[in-house]
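**Q** sequence and predicted model, in that order:
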Amino acid sequence: MSRQPHETTATVAAVILAGGASSRLGGTDKTRLPIAGATVLERVLRAAPVGRRIVVGPTGEDGADLAARHGARFVLEDPPRSGPLAALARGVAEISEAADEATVLVLGGDMPMLRPETLHALAARSAETGRVVALEAVDGHLQFLGAAWPLGRLRTALAAVEREDGGWADLSLRRLYAELGEEELTALPTTGAEGADVDTPDALDQVRRAAGPRVALAQLEIPTDYEAMVAAVRGVVAEAAEEGAHLVVLPEATLTPFGTDLRAAAEAHHEDFAGLLQELADAHDLVIVAGSFRPADDGRVHNTVLVRGPGGTPSTEYRKIHLFDAFDADESATVAPGEELVTFEVHGTRFGIATCYDMRFPEQFTALARRGAQAIVLPTAWAEGPGKREQLQLLLRARALDSTSVILAADQAPPAGYAGRAPRGVGHSAAVGPLGRIRRELGVEPGLLMVDLDLAEVESARAALPVLRHAVELPAQ
């Protein structure tokens, strides 16, 4: 299954400086500090949107594992501990065969909140303009170790500051950036904590407060055969666990797709499916959200989102409130509506739940946010039709803005050549930031989209756009 969103980058490599012990952190190797279930360095490695990653720093006990899982190569500056500029030069030497026109990411191994989409934007802007593009840090200064360089310009700048007797020992990165003219350097604004590093105990505490769970959005083509569906779910949950997910979101109607006998599937398999989710949550030590159907008392079913966590915590369900009686569909003929809003917690982050057609009703999303939801999971089986994909993107962005929450939508991947009337998804599962920006998005094919939540982004969005506080109840007509 594809693990990457549909994006391209001109980046040839990422050079990650991971120099080891920090005196301001009591001699601790800050790149190996744990942040939300992964080391700082691993978070940087999985954020770099390239296949080639050069880590300049000690291998440590985890180096072989990191190298194998992230395609990384560990090297040491020569001589060892000779400073950041010498380390950077050593990393650049590893890509000596690359053309000057290529783009290279220069990253710090102590920046755990970096995002793939932001690093992609750095590289794309640099490739487009021929400039060095650097992130702004939290306090507004440039992050020298959060930048994209034209490789040729990086080489000439390194050559210009090299010592007369050779090498770059004890030279700072500031010397390198001083070689750039004003027109050669561009800043890219950051959001949340993505520009932060962990140089001090205070910075480390702030990053740990901001780092939310890792979420996997699983875009599946849902089989009509129950056993085939079980195999698909087992496979994608195992893959998400391997990628470090704390929460996996599966689509609406994962139990059985629309257009099948929902009542028969609910009676035959709903309880078994709930048991499967619990088994997988326990086995992989993560929380699973998935769409099912529970028999209703009136002969219909409830369109139900199940939540199952390890050891039975959390364990809850949401019944879809708004039924899709639109665009010639008649969901209420077979589905009974729910009435209750539902939230749950994963590692201290509160999530709300909505399902597919619910996204056309902004009051549900603002109500979830007022109940403390910082992110809202949205399993969907979006119906194809003229303009429907555009509506999906528009609605996801609008609901994020309404609630100043992160929206995490997992849609079904439509079967190839599907032309039926029942909703079978359009793909394009997405993570949308609290100010309406699509952070990452899949295409039409099955895929797994990994999202690391940045709670500082939600906090700053609600401070800048306090719509939850400003809303007033309008009089009825």
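**A** Arrived safely.
**Q** please enumerate the helices of the protein.
**A** 40-47, 63-70, 84-93, 116-129, 151-161, 173-177, 201-210, 226-242, 262-284, 362-370, 388-403, 455-464, 467-470 (DSSP state H).
**Q** closest one to V106 among those helices?
**A** helix 84-93 (6.5 Å; C-beta to C-beta). The C-beta positions use only the backbone N, C-alpha and C, and glycine is treated the same way.
**Q** check contacts around S315.
**A** Residues in contact with S315 (C-beta atoms under 8 Å, 6 or more residues apart in numbering) are Q278, V307, R308, G309.
**Q** switch to 10 Å and redo it
**A** Shown in contact with S315 (C-beta atoms under 10 Å, 6 or more residues apart in numbering): A274, L277, Q278, A281, V287, L306, V307, R308, G309, F344.
**Q** let me know which of the helices of the chain is tucked in deepest.
**A** With neighbours defined as mean count of other C-beta atoms under 10 Å, the helices of the chain peak in mean count at helix 40-47, which reaches a mean of 25.
**Q** thinking again about what came up before, so which of the contacts of S315 comes closest to D452?
**A** V287 (15.3 Å).
**Q** can you get me a residue count around the residue lying closest to the closest one once chain neighbours are set aside?
**A** In space, and not counting its chain neighbours, V287 is closest to G309: 4.2 Å by C-beta to C-beta, 6 or more residues apart in numbering. G309 has 23 neighbours, counted by other C-beta atoms under 10 Å.
**Q** contacts only, for G309.
**A** With C-beta under 10 Å, 6+ apart, G309 has these contacts: 246-247, 277-278, 281-282, 285-289, 315-316, 344-346.
**Q** how about a cut-off of 7 Å?
**A** G309 makes contacts with A281, V287, S315, as judged by C-beta atoms under 7 Å, 6 or more residues apart in numbering.
**Q** mind putting those residues into a markdown table with distance to A463 and pLDDT?
**A** Converted to a markdown table, the contacts of G309 look like this (distance: C-beta to C-beta, whole Å; pLDDT from 0 to 100):
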| residue | distance to A463 | pLDDT |
| --- | --- | --- |
| A281 | 35 | 98 |
| V287 | 28 | 98 |
| S315 | 34 | 97 |
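**Q** now, which of the residues you listed sits nearest I95?
**A** V287 (39.7 Å).
**Q** is that closest one in contact with A245, as I believe?
**A** No. Checked against C-beta atoms under 7 Å, the pair V287 and A245 is beyond contact range at 8.9 Å.
**Q** now, which of the contacts of S315 sits nearest E459?
**A** Using C-beta to C-beta, F344 is the member of the contacts of S315 that sits closest to E459, with 20.1 Å.
**Q** quick check: closest non-adjacent residue to that closest one.
**A** P314 (4.2 Å).
**Q** and for that neighbour, the neighbour number?
**A** Neighbours around P314, by other C-beta under 10 Å: 18.
**Q** where do the strands sit along the stretch 251-400 of the chain?
**A** 287-295, 301-308, 315-319, 335-336, 343-346, 349-353, 375-380 (DSSP state E, counting those that start in this stretch).
**Q** just checking, what packs against the shortest one?
**A** When you say that, I think you mean strand 335-336. strand 301-308 (3 or more C-beta pairs under 7 Å, 6 or more residues apart in numbering; DSSP states H and E).
**Q** one step back: how close does the residue nearest to V287 sit to V342?
**A** According to C-beta to C-beta, to the nearest Å, G309 and V342 sit 14 Å apart.
**Q** can you give me the distance of the residue nearest to V287 to E279?
**A** For G309 relative to E279 (C-beta to C-beta), the value is 12 Å.
**Q** for L247, same thing?
**A** From L247 to E279 the distance is 17 Å (C-beta to C-beta).
**Q** same check on V133?
**A** Relative to E279, and taking C-beta to C-beta, V133 is found at 47 Å.
**Q** list the contacts of the residue nearest to F344.
**A** Counted by C-beta under 7 Å, 6+ apart, P314 has contacts V287, V307, F344, E345.
**Q** how far away from the center of its chain is stretch 234-244?
**A** 15 Å (C-alpha atoms, centre = their mean, to the nearest Å).
**Q** leaving out sequence neighbours, find the closest residue to A160.
**A** Nearest to A160 is E179, by C-beta to C-beta, 6+ apart, at 5.3 Å.
**Q** pull the number of nearby residues for the one you found.
**A** The burial count for E179: 16, using other C-beta under 10 Å.
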